[in-house]
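> Let's see this in three dimensions:
(2 chains)
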Number of protein chains: 2
Amino acid sequence: MAKKQGKQTYLMQQCLTVRAWAAVGSKKEGQGPLASGFDLIEPDSTFGQDSWEKAESRMVSLTVAKALSNAALTYEDIDCIFAGDLLNQCVGTTFGLRDSGIPLFGLYGACSTMAEGMLLASLLVDSQTVRRAMAVTSSHFCTAERQYRFPLEYGSVRPPSAQWTATASGAVVLEEGNQPPYLRAAAVGTVEDLGVTDQNNMGAAMAPAAAATLRRFFADTNTSPEQFDLIATGDLGAIGSQLLVELLQRDGIDIKSRHTDCGLLIYDRQKQDVHSGGSGCGCSASVLGSYLLPSLRDGKIRNLLFMPTGALLSPTTVQQKESIPGIAHLVWLSHEKEGIL
Amino acid sequence: MAKKQGKQTYLMQQCLTVRAWAAVGSKKEGQGPLASGFDLIEPDSTFGQDSWEKAESRMVSLTVAKALSNAALTYEDIDCIFAGDLLNQCVGTTFGLRDSGIPLFGLYGACSTMAEGMLLASLLVDSQTVRRAMAVTSSHFCTAERQYRFPLEYGSVRPPSAQWTATASGAVVLEEGNQPPYLRAAAVGTVEDLGVTDQNNMGAAMAPAAAATLRRFFADTNTSPEQFDLIATGDLGAIGSQLLVELLQRDGIDIKSRHTDCGLLIYDRQKQDVHSGGSGCGCSASVLGSYLLPSLRDGKIRNLLFMPTGALLSPTTVQQKESIPGIAHLVWLSHEKEGIL
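Next up is the predicted model:
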């Protein structure tokens, strides 16, 4: 089983590989810089369905099916799947997986869910409790806007600090194996809240959680940022990213030269009118599948800390003037089986 | 690590014990037949807060604190907690655990969440990945009504098939140990959907999922209902319970003499005007903590299959005329370390 190190870090003891993955997006993602890495770009964001929620579910099932076909596997080969999305009661996930028959662990970790799922999947595979597990998450611009903010029909103007929810989904298949990318370690997040209340600046609300998880991971593993090629958060956007760098600098941890954010990678912020960057469970998951995992496989990235962050608010808590707690889970993905530790 | 048996059943290989637990309820639960088993009955369902959502969060933190004090442990002694509730974006959980500092895995499994959390906690403890894990869930009548149906102020009339969401929370602490109750095995659920669309009859919508999990558990372990004292679903209510018995009878599995439902135990249906029975994540969790676990400890129940069921709908999917998928996760709790298998 994984070796617990410190309060919340787990080092894998088996050789865990991401056997296959998939990323699915829609029109805007297809116009972004990572378009060519997606397995499927469906320009019609209804995905042929008569509601946005059904569109998101359809996208989830397409992503899972694509990851399985990339792995040359079927539903029956998967012991369990960890899955979640941003919708009320996670219906993107449950309707999307309704016909799969895969034993399901439903998760809610807001935009941190992809790492939460990979983390739990890796702990079960590493302990040989299961042979093969999947993780999948999704988000859809149109379902998220009407649920978290306003229906699109209202034509609300978005402030510059706002992020753009990606219409995207990503899935991975984890098992023991001898080909990169490897999943080497993981760190479970805690709820952090420094009192930010602006729901149009969720990057700032989530930065303290990202800083907390990263700080503890470096301490627990006795490593430092320069030992990793890339630290990819998701999705702090432009403002939250800067805040994260500053928060860690106060503790003498300099991630500036290593840090990027999935919300900054998925779109061209100059040309695509996405304000502070992309967001949503599906943003980091699809950046992982379209860019990060292929780069790790090919050795273009050798060691990556993938750390999606979640803003644990609801429209109700915002109306009730609550602050926005955040959480960040981390997985260390590597081109190499060993090294660094 | 746990031994996988069949498609979705896991037999624990270590001796796992529920070291401690807690159940918290409010006025109506305090008038029910299990009142004396609760650790805390707070007659004021606001729990001293200025919104129902904050009341639910407060209840969650009280329940976790009570389970820890029953275990003579503190937050720092817990490696991780699995937690969820029914609210949009699970804010009962995240705000309730905000100050605990416990590494958090947020779950969404509707009313099946307590078993989902215990199942994941037990797999991590059994594989010795973690030493000690918690699970907690909650529900609140007033938050659930306004979210799933109508705000209370509308005074809507409820049909007889409707269930009453319990204002309650339950938590458990799991570790290796040598005192009952023991957690012996678990089965992960799959999404099942036979096309029920009536959100006032969720028991009927969930019964197929309960039947599916139970059928597979008996097959995977080569056991039969009469080997267990009690099979406690949660929360099928009166109508769903009858349907479950009938569905299994068709397969030659007779659970009638063994079956009860947490939604039927928590209230006195004759006197308490709860129509088809109780429901909510907190219903089965608090019945577990107030009645089932104490009975297992004392040997009044020797072998229990605890199987909360979740209706994976949202108000949006109901408006969109979708059917209601269900899921049921199972844990086998026992007064004995061995036997039956």
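
> Can you name every helix or strand that the lengthiest strand in chain A contacts?
Longest strand in chain A by number of residues (criterion: DSSP state E): strand A:16-26. With contacts taken as 3 or more CB pairs under 8 Å, 6 or more residues apart in numbering or on different chains; DSSP states H and E, strand A:16-26 sits against strand A:40-42, helix A:52-70, helix A:113-126, strand A:168-176, strand A:182-187, helix A:281-287. Where C-beta positions appear, they are placed from N, C-alpha and C, glycine not excepted.

> Report the buried residues of that strand.
Of the residues in strand A:16-26, A:16-26 count as buried by neighbour count, 16 or more other CB atoms under 10 Å in any protein chain shown.

> how about the helices and strands packed on strand A:16-26 in TSV, adding mean neighbour count, distance to chain B and mean pLDDT?
Shown next, in TSV, are the helices and strands packed on strand A:16-26 (neighbours: other CB atoms under 10 Å in any protein chain shown; distance: least, CB to the nearest CB, whole Å; pLDDT from 0 to 100):
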stretch	mean neighbour count	distance to chain B	mean pLDDT
strand A:40-42	18	20	98
helix A:52-70	23	6	97
helix A:113-126	29	5	98
strand A:168-176	29	13	98
strand A:182-187	25	8	98
helix A:281-287	37	12	97
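
> Could you measure from whichever residue of chain A sits closest to chain B over to residue B:33?
Nearest to chain B in chain A, going by CB to the nearest CB, is residue A:127, at a distance of 3.3 Å. Per CB to CB, to the nearest Å, residue A:127 is found 41 Å from residue B:33.

> Show me which of those two is the more surrounded one.
Shown here are residue A:127 and residue B:33; by other CB atoms under 10 Å in any protein chain shown, residue A:127 has more neighbours (21 against 14).

> still on that earlier bit, now the buried residues of strand A:16-26 in a markdown table, with distance to residue A:241 and pLDDT?
Shown next, in a markdown table, are the buried residues of strand A:16-26 (distance: CB to CB, whole Å; pLDDT from 0 to 100):
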| residue | distance to residue A:241 | pLDDT |
| --- | --- | --- |
| A:16 | 28 | 98 |
| A:17 | 30 | 98 |
| A:18 | 25 | 98 |
| A:19 | 31 | 98 |
| A:20 | 30 | 98 |
| A:21 | 24 | 98 |
| A:22 | 26 | 98 |
| A:23 | 22 | 98 |
| A:24 | 25 | 98 |
| A:25 | 22 | 98 |
| A:26 | 24 | 98 |
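
> So which of those residues is the closest to residue B:329?
The closest of the buried residues of strand A:16-26 to residue B:329 turns out to be residue A:16 (CB to CB; 24.9 Å).

> Looks like residue A:221 contacts residue A:4 (just checking).
No. In this structure, residue A:221 is not within contact of residue A:4 by CB atoms under 8 Å, at 11.7 Å.

> Show me how far the lowest-mean-pLDDT helix or strand in chain A is from its chain's centre.
When each helix and strand of chain A is scored by mean pLDDT, DSSP states H and E, helix A:141-148 comes last, with a mean of 87. Helix A:141-148 sits 18 Å away from the centroid of its parent chain (CA atoms, centre = their mean, to the nearest Å).
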